[in-house]
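*Asks:* here is my input, please return the structure:
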Amino acid sequence: MHKVVENVKPEFIVNKKGNKKAVILSLKEYENILELLEDFEDANDLLRAEREATSFIPYDNFRKTWLKN
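*Replies:* Take a look at the predicted model:
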């Protein structure tokens with residue numbers, strides 16, 4: 001499990017029957033979770049791009065071409 005998730009210490013708001021209805025997180029925990037979600041989205045976008053790509057240019061070739069310009 002990711003450290004961000006392991007360190008979350010949620011508090012719960014419960015109804016009269018004791019059923020959990022909401023979660024309270026510290027602002028830092030919330031921000032860490034948002035950052036983690038953004039990282040997952042970026043990784044997912046990269047995987048999708050790799051699957052859908054029709055061709056690749058090796059990084060060294062790209063870099064050499066880019067540095068010439």
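*Asks:* phi first, then psi, for residue 55.
*Replies:* phi -160, psi 160 (degrees, to the nearest 10).
*Asks:* that one: neighbouring residues, count only.
*Replies:* As a burial measure, residue 55 scores 4 neighbours (other CB atoms under 10 Å). All C-beta atoms are positioned from the backbone trio N, CA, C, and that covers glycine.
*Asks:* now the helices for the protein?
*Replies:* For the chain, applying DSSP state H gives helices covering 3-6, 27-52, 59-68.
*Asks:* comparing the ones you listed by mean pLDDT, which bottoms out?
*Replies:* With a mean of 72, helix 3-6 has the lowest mean pLDDT of the helices of the chain.
*Asks:* if we can go back for a sec, how about the helices of the chain in JSON lines, adding mean neighbour count and distance to residue 20?
*Replies:* Shown next, in JSON lines, are the helices of the chain (neighbours: other CB atoms under 10 Å; distance: least, CB to CB, whole Å):
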{"stretch": "helix 3-6", "mean neighbour count": "11", "distance to residue 20": "18"}
{"stretch": "helix 27-52", "mean neighbour count": "11", "distance to residue 20": "17"}
{"stretch": "helix 59-68", "mean neighbour count": "9", "distance to residue 20": "48"}
